[in-house]
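**Q** Dropping the sequence and predicted coords here.
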Amino acid sequence: MLFYPAALPLSRQTLTYIAGIIRRHRKQIASPWRKLPPTRQALLVLAYLRKGETFAELAAGFGIGTATAWRYVTETVGLLAARSPKLRKALARAKKAGHAYVVLDGTLIPIDRVAADRLFYSGKYRRHGMNLQVIATPDGDIVWVSGPLPGAVHDLTAARIWGIVRELAAAGLIVLADKGYTGAGDHVRIPYKGKNKPESQKAANRAHAKLRSPGERANAQLKTWRILRKLRCCPWKAGELAKAIHVLQARENEG
């Protein structure tokens, strides 16, 4: 096997943050000696999330077993995901920050599935995957990420399952969303529908899209972490991975 040096486009502060979480966790559970110190474990996890490296590749590069690499990643992703804000708290924080509105959008995390797995097939994206709901600020910073649902689930249905529509209404936030959220309620502003719309509605739709587009970039921000570009692990891990990445991306944005 060949080895080569590589770089991760992430800050030292993010590495230190994860290492601190790992160090405190080891102390809390009175963990015995491990082959990798906290900083090296943190680096391994970042390589997995950002680069999408396989466990076999990580194990070879860090001089550990494949099963050990899997355990390190699983442990750390769980610790990070646990720090992702709950929906109500995230919306309260967005309200306090004084954002004029928030953007609600769904995204599909692609997975490996055969054509027979209709439950996971998204007609909107024409591929198999897991549906995640993302709330973002007007600047595109992620406010909250949902858990996963099969790709066949409609965005509005997913938003209702996770209680997003109800919590947004309770928070009193103005919400911009695409036509997939038709029927969500008056507090969720969607574009005008139908053909042969008057010019005033066309202009309103253009303005709506212009305001919504920066927020929708939050989904693209998630997928700069290559592990979410196509999952090779259990599809139901999509939400935990996205929540862990949300925590890390917030640290990067603060830096």
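**A** Received it, and whenever you're ready, just let me know what you need.
**Q** what ranges do the strands span in the stretch 101-250 of the chain?
**A** Along the stretch 101-250 of the chain, the stretches classed as strands by DSSP state E, counting those that start in this stretch are 102-110, 121-122, 127-136, 142-145, 149-150, 175-176, 188-189.
**Q** Against Leu36, how distant is the residue lying closest to Thr107 once chain neighbours are set aside?
**A** Spatially, and ignoring its direct neighbours in sequence, Thr107 is nearest to Asn219 (4.1 Å; CB to CB, 6 or more residues apart in numbering). The way it works is simple: take the backbone N, C-alpha and C, and place the C-beta from them, glycine included. Asn219 sits 32 Å away from Leu36, going by CB to CB, to the nearest Å.
**Q** still on that earlier bit, using TSV, lay out the strands of the stretch 101-250 of the chain together with distance to Leu168 and mean pLDDT.
**A** Output for these, formatted as TSV (distance: least, CB to CB, whole Å; pLDDT from 0 to 100):
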stretch	distance to Leu168	mean pLDDT
strand 102-110	7	95
strand 121-122	23	90
strand 127-136	8	95
strand 142-145	10	96
strand 149-150	18	95
strand 175-176	5	96
strand 188-189	7	94
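**Q** if we can go back for a sec, neighbour count winner among Asn219 and Leu36?
**A** Asn219 (21 against 17; other CB atoms under 10 Å).
**Q** Can you tell me how far that one is from Tyr121?
**A** Asn219 is 19 Å from Tyr121, by CB to CB.
**Q** what's the answer for Leu149, then?
**A** Applying CB to CB to Leu149 and Tyr121 gives a distance of 13 Å.
**Q** Can you check which of the strands of the stretch 101-250 of the chain gets nearest to Ser11?
**A** In terms of CB to CB, the element of the strands of the stretch 101-250 of the chain nearest to Ser11 is strand 142-145, at 17.1 Å.
**Q** residues making contact with the closest one?
**A** Residues from elsewhere that reach strand 142-145 (CB atoms under 8 Å, 6 or more residues apart in numbering): 84-85, 87, 90-91, 93-94, 102, 132-137, 218, 221-222, 239, 242-243, 246, 249-250.
**Q** cool, and stretch 237-255?
**A** 10-11, 13-14, 17-18, 46, 49, 76-78, 80-81, 83-84, 109, 111, 130, 132, 141-142, 144-148, 221-222, 225, 227-228, 231.
**Q** if we go to 6 Å?
**A** 11, 13-14, 17, 77, 80-81, 83-84, 109, 130, 132, 141-142, 145, 147-148, 222, 225 (CB atoms under 6 Å, 6 or more residues apart in numbering).
**Q** Report the buried members of these.
**A** The neighbour count (16 or more other CB atoms under 10 Å) marks 14, 17, 77, 80-81, 84, 109, 130, 132, 141-142, 145, 147-148, 222, 225 as buried among those.
**Q** More neighbours: which of Leu149 and Tyr121?
**A** Just comparing Leu149 and Tyr121: by other CB under 10 Å the higher neighbour count belongs to Leu149, 23 against 18.
**Q** what residues are up against the closest residue to that one other than its chain neighbours?
**A** Distance criterion CB to CB, 6+ apart; nearest residue to Leu149, sequence neighbours excluded, is Asn131 at 4.6 Å. Neighbouring residues of Asn131 by CB under 6 Å, 6+ apart: Gly106, Leu149, Gly151, Val153, Ala158.
**Q** which phi and psi does the fourth one have?
**A** Okay, so that is Val153. Val153 adopts backbone torsions of phi -70, psi 130, taken as degrees, to the nearest 10.
**Q** any idea how far Ala220 is from it?
**A** Taking CB to CB, one finds Val153 at 21 Å from Ala220.
**Q** before we move on, the earlier item: quick one, which of the strands of the stretch 101-250 of the chain is nearest to Ala30?
**A** The closest of these to Ala30 is strand 142-145. By CB to CB, the value is 32.1 Å.
**Q** Partner strands of that closest one and their direction?
**A** If you go by DSSP bridges, strand 142-145 pairs up with strand 127-136 (antiparallel).
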